[in-house]
Structures are given as C-alpha cells and as structure tokens.
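> Curious how this folds, go ahead:
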Amino acid sequence: MLGPDDRLYFIHIPKTAGTSLVPLIDAQFSADAICPAQLWRELVRLPLGELPRYRLFRGHFGAHGLDPFLPRPPVCITMLREPMRLAYSTYQFVLREPGTRIHKLAVSQAMDFEAFVAHRRTRARISDKMARNLSFDLKYDPDTETLLSLKSQAAVDRWVSDHSVRPAGAERLERAKAQLARCACFGLVERFDASMALLAYTLDWPPVQQVQKLRVADKRFDPDELTPACLEQLREANALDIELYAYAEQCFDEAVTRMIEALRPWAEPTRPLPDRFEDDPDAVHAALDRRYRQRRIERDPTPRRVTHVDFNDALPGSGWHGRETSPTSGRCFRWTGPGRSATLDLHVGRDVPLRLTLRVIDAIDEAALAGLRVAVDDAALTMRTLDGAGSRARTLQGEIPPRPPRPGDAAPALTRLTLSVSATASLAARSRFSADGRAVGVAVEWVDVRPASELAPGERPAEATTLVPRRQRLAARRGPITRGHIARRIKDAVKRTPLLGPVLRQAAQRLGLYASTPLTPRHHARP
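Numbers count the residues shown, from 1 in each chain. From the prediction side, this is the model:
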C-alpha cells in the first residue's frame, strides 16, 4: 500500500502491454495527481519544479530517470515480456508507426523480421531492451542544468545521452536485477491476469475485472518460422534479457505463491484457493476482492453521509475504461467495459433510505441504454429517467432501501453499485469515422448517493449543476498550454482521423517528412 507521501512510478518498457495497463493504474489516482508526460520531450515542457506535486508517473524514463527531479525515489512497478516476443512486437510496431526512428529504413528496404534482426541499426532497437531500461540512471545536478532550455527533440536526446550512466555486460544485468528487487511488484505480459492480481494485492487496489488488450499485433510470434541463424542472432542480441527474464519468472512465481498463501483466510469456505493462480483464478479473485473491501473499511471506518463520484477523482471500483473529458461540460467521464458490468464501491451510511442519481452521457447503442441494469449489492433498483428520454444522454434516479446491521457484522460493509448492460461493442463498429476499438457499454459522468430526505424525487444534486471550464481542467492536468502544444495536438488528431490519417501518413512518408518532423502521438514510444 502507498503511503500518503509516496509517489508511484510505472517504469514503462516499450511493448510490454503498457497501453492496456496505464488506464488501470491511472484509475487509482485523481487526474490532477498524474504527471502528463510519458516521454522525455514531454517532460521538458513541464515546469520541473512542479514535478514533486504529482503522485503518479508512468513513462519511458528508465528505472532511475526521474530520481533527480523528485525529493526521494518513487515506489516502482513494471512489466516484463519474454525477450523473443518483445523483439518481434517491436519490429511490428516499427513497421506500422511512421513516427519511430527506423520506420523509414525498415519500410524502404522491405525488411522481414529476419532482415530486421540481421541489420546492425535495426537490431540495436531490439537488443536487451528490458536490461537497458531497468539499469538506466542519470548523472544530473538540478542546480547546473536546465532542461527547460532544450527546444528540439535532438537536443533532448543529446542531453539524456550525455547524462546517462552506461553500465556494460554483467554490471547492467546486476543493476536490472537489483531494480526488480526494489520494485513494489512487477508483472509478466505472458501471465497478465496473475500480474494484475498481484498488483491489486500489493497496493490494496480493487481487483481488476476483464481487461481488453489494446494495440495488439496482428501476427503472433512463432519461433519455428525463423531460421537457426536468425534465432541465434536474436539470442545473442538479448543475452542479458534472457537471463533477466528467467530470474524474473522465478521471483514472480514466488511472489504469486506468497500472495495465495496470504489470501487463504479470505477464501470461501466451500472453495479453497488453489496452489497455482492459473488453476482457479476466479477463486483467487474472489478472495482478493473480500480482502480489498475489508481493508478499505479498516483504513476509513466512518461511512459517508453523501458520496458524489466524480470521475476526475480516483475510481473506487473496476470494470471501467480510462477517464475522458466531455467537450460540453468539461467534466471527466468513463465508459463501462470491456466486460458487461462495472462496479463502484461506496462507503455510505445505510441506516436510512438513500437517493441514487447518475448521469449517462452516451451509450454504444439504444439497446445498451434501454437494457441498463443498476443494482446495489446484487439487488436490482428501479430507476426512472429525469431528463433526456429518447436520447443517449439522460439522468437516472432510484432509491436504495436501508440495510439494517446484520448479525455477525464486525464493521460497516461497503455498498457495491453495479451497472450492467446486455452486451458491449466497439466505438469503431458504431461509426466508420472512429478508430476506437475498445469494447464499451455506457458512458457515465457522475454518480451521487445521499439520504433521500436531503434530495427531493426528481431533483438533481447541486454538485452536478456546476460546469468545470474545460481549459481550466486541461491546464490543471497538463500544465501550461503553449502554441506548439496546440499545434502538435491538432497534427496528432488529424493523423488519427480514419479517413485522412492514412493518406497523410503515406504522403508524409513519400516526402520524407517523418525523418525530421515525426507526428508521434503522446503514447508512442521510441523503441
């Protein structure tokens, strides 16, 4: 569990399921507490003196890249991947993303994977990526260096290169192993579900429900399709990563075993926990959920009289996609998904009837909205529409009956609110103008629970009537908005437009523009 003064840093090694994992980590922090920079060129645009105010960092800064800018080293987590699969995923990423450094070289020479491995420049991009990231360190004196003065990508790259520590061979491997030992926990892409369980267990977070794997390569890695010479080159280029991953697998197995043993007191009497996570993950998940709910009550035993869930804040539940900002209200909202159910765990007093009000601002289709089921502790509620009947944006309201204390209750229990739809679908399937492949149900802007005596039937809570200026919210989350920042965001938005993006990308590639001015989205990494 994180202390009140701790900062969390997700050491994001490129192509290790970060796109899927980052929204799950972000959900545990308010938007204002998350550092918006994920790349060095984004970090230099922020006032470095303000970095300590953030509580979550996630990005491609290496193991110790942020240490010089923070009062003390952050608590670290990371994800690793089998080295051969990591190399192949990097190759596919380079081919499909013109913003990467060696895209033009790989495409112009029509490289297949074996040619990619054989070429000196491209092979360097898939060599010991995990060991290099986890052994990375900076030599930096904040009193004598000013990152804010660096204006170009090349200048930032030179600064990082000039100030980086460069261990070699055995020292690099030992540094990487030592960093894994310092991590609060780490996961393996090949055992993603167990990794998410271990993350929730270690940090006392809500256990993760179904996760949609995003930005997954079309073709899977098959070593049998490679020649012996290519396999040998891959092994030589990733000798440190192969040893590091074997060490990580052993440590991961031991951590999961310790977790299962610690969870046995929370197991169902009729369903004991297995010795291995994969033998019965649902049983482990159920025990993990009971532990999380009890420990949350122990940390904060006093129920709230009024609870207003604003998705700008940390998410007290699971089964939701990452937060987004409504262009009309300036408020944050979340889509339910990829599963059909999403939960919110509320610590509210249940000695009196409660009024539940929630705002839905969109739905994947009419059927999802019409079939939306709202339940409290598995008991369905009758919801009525206050406004927006016939549209996909509407306010719903219902009443939660009181729950008298039950015999044997040692402490007040969390109230679990569940929103369920009959099916989810991708936004791309709804509109040919969208490239969003996430499976979603309904989009919720806020949820409010308070005593029925304090809110008349049909009345909206006062907190829901205050609109937050969008510019103010963006400024708080991203720092100062410069002219260059706006231009880059416009370029990125045009690039991702399904009808224009591919055409512009191909034209830019033919003209050689990507070699000097890559239009790289925020979440793209330089492999």
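> How about Asp345: what's its closest non-neighbour residue?
Closest residue to Asp345 apart from its sequence neighbours, by Cβ to Cβ, 6 or more residues apart in numbering: Leu414 at 4.6 Å. Heads up, the C-betas are built off the backbone N, CA and C, glycines and all.
> Report the distance from stretch 322-332 to the chain centre.
Counting by Cα atoms, centre = their mean, to the nearest Å, stretch 322-332 is centred 17 Å from the centre of its parent chain.
> before we move on, what about stretch 437-449?
Relative to the chain's own centre, stretch 437-449 is displaced by 17 Å; criterion: Cα atoms, centre = their mean.
> Could you give the average pLDDT over it?
Mean pLDDT, stretch 437-449: 94.
> now stretch 224-231
For stretch 224-231, the per-residue pLDDT averages 89.
> buried residues in that stretch?
Leu226, Cys230 (16 or more other Cβ atoms under 10 Å).
> so what's the residue nearest to Asp345 up against?
The contact partners of Leu414, taken as Cβ atoms under 8 Å, 6 or more residues apart in numbering, are Arg293, Arg296, Ile297, Asp345, Leu346, His347.
> Ile77 now?
Contacts of Ile77 by Cβ under 8 Å, 6+ apart are Leu8, Tyr9, Phe10, Ile11, Ile25, Cys183, Ala184, Cys185, Phe186, Gly187, Leu199.
> What's the per-residue pLDDT of the fifth one here?
pLDDT, Ile25: 95.
> any idea how far it lies from Lys139?
As defined by Cβ to Cβ, to the nearest Å, Ile25 lies at a distance of 29 Å from Lys139.
> Compare these two and say which is more crowded by neighbours.
Ile25 (20 against 10; other Cβ atoms under 10 Å).
> In terms of pLDDT, where does the nearest residue to the more buried one once chain neighbours are set aside sit?
The shortest distance from Ile25 to any non-neighbouring residue, by Cβ to Cβ, 6+ apart, is to Phe10 (5.6 Å). At Phe10, the pLDDT value in this model is 98.
> Give me the contact list for the longest helix along the chain.
The longest helix of the chain (DSSP state H) is helix 239-263. Residues outside helix 239-263 that contact it (Cβ under 8 Å, 6+ apart): 80-83, 86, 128-131, 134, 169, 172-173, 176-177, 180-181, 185-188, 191, 194-195, 197-198, 201, 235, 273-277, 284, 287-288, 291.
> buried set for it?
Here helix 239-263 shows 239-245, 247-248, 252, 255-256, 259-260, 263 as buried, counting by 16+ other Cβ under 10 Å.
> ditto for stretch 323-333
Arg323, Thr325, Ser326, Ser329, Gly330, Arg331, Cys332, Phe333.
> can you put these in TSV and add secondary structure and pLDDT?
Listed next are the buried residues of stretch 323-333 as TSV, based on DSSP: H, G, I helix; E, B strand; the rest coil; pLDDT from 0 to 100:
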residue	secondary structure	pLDDT
Arg323	coil	93
Thr325	strand	89
Ser326	coil	85
Ser329	coil	77
Gly330	coil	81
Arg331	coil	86
Cys332	strand	91
Phe333	strand	94
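> quick one: which of the residues you listed is nearest Ala452?
Comparing the buried residues of stretch 323-333 against Ala452 with Cβ to Cβ places Arg331 closest, at 24.6 Å.
> Now do the closest one against Leu346, distance only.
Going from Arg331 to Leu346 by Cβ to Cβ gives 19 Å.
> mind listing what the nearest residue to Asp351 once chain neighbours are set aside touches?
Once flanking residues are discounted, Asp351 sits nearest to Pro402: 5.9 Å by Cβ to Cβ, 6+ apart. The contact partners of Pro402, by Cβ under 8 Å, 6+ apart, come to Arg350, Asp351, Val352, Pro353, Leu354.
> Closest to Arg45 out of these?
Out of the contacts of Pro402, the member with the shortest distance to Arg45 (by Cβ to Cβ) is Leu354, at 45.0 Å.
> Taking the contacts of helix 239-263, please make a PyMOL selection of just the buried ones.
Written as a PyMOL command, the selection of buried residues from those, which uses 16+ other Cβ under 10 Å, is:
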select buried, resi 80+81+82+83+86+128+129+130+131+134+172+173+176+177+180+185+186+187+188+191+194+195+197+198+201+273+277+284+287+288+291
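> Give me the below-cutoff pLDDT ranges for the chain.
By pLDDT under 70, the low-scoring segments of the chain are 141-148, 151, 212-219, 406-412, 465-527.
> could you point out which element follows the helix or strand Leu24 falls within?
Using DSSP states H and E, the element containing Leu24 is helix 18-26. Using DSSP H and E, the helix or strand that directly follows helix 18-26 along the chain is helix 40-43.
> what's in contact with that following helix?
So helix 40-43 is contacted by Pro36, Ala37, Gly59, His60, Phe61, Gly65, Leu147, Gln153, Val156, Asp157, Val160, Arg522 (Cβ under 8 Å, 6+ apart).
> Find the nearest non-adjacent residue to the second one, please.
The spatial neighbour of Ala37 that comes closest, neighbours along the chain excluded (Cβ to Cβ, 6+ apart), is Leu43 at 4.1 Å.
> most centrally placed residue in the chain?
Val22 (1.6 Å; Cα atoms, centre = their mean).
> what residues are up against that one?
Phe10, His12, Arg58, Gly322, His523.
> got the contact list for the fourth one?
Taking Cβ under 8 Å, 6+ apart as the definition of contact, the neighbours of Gly322 are Val22, Pro23, Asp26, Ala27, Arg334.
> And the residues you listed, which is closest to Met383?
Nearest member of the contacts of Gly322 to Met383, counting by Cβ to Cβ, is Arg334, at 18.6 Å.
> And the closest one, how far from Pro316?
Counting by Cβ to Cβ, the separation of Arg334 from Pro316 is 12 Å.
> Could you say which helix or strand holds the nearest residue to Val306 once chain neighbours are set aside?
Closest residue to Val306 apart from its sequence neighbours, by Cβ to Cβ, 6+ apart: Arg450 at 4.3 Å. Under the criterion of DSSP H and E, Arg450 resides in strand 442-451.
> Indicate each strand paired with that strand and its parallel or antiparallel sense.
Strands that pair with strand 442-451, judged by DSSP bridges, come out as strand 307-310 (antiparallel), strand 332-335 (antiparallel), strand 354-363 (antiparallel).
> could those strands go into JSON lines alongside distance to Cys230?
Output for those, formatted as JSON lines (distance: least, Cβ to Cβ, whole Å):
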{"stretch": "strand 307-310", "distance to Cys230": "52"}
{"stretch": "strand 332-335", "distance to Cys230": "42"}
{"stretch": "strand 354-363", "distance to Cys230": "48"}
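> what about stretch 387-396, start to end distance?
End-to-end span of stretch 387-396 (Cα to Cα, to the nearest Å): 8 Å.
> ok, and what's touching that stretch?
Stretch 387-396 is contacted by residues 357-363, 366, 369, 372, 374, 383-386, 460, 464 when judged by Cβ under 8 Å, 6+ apart.
> Got a PyMOL select line for the buried ones in the residues you listed?
A single PyMOL command selects the buried members of those (16+ other Cβ under 10 Å):
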select buried, resi 357+358+359+360+361+362+363+369+372+374+383+386+464
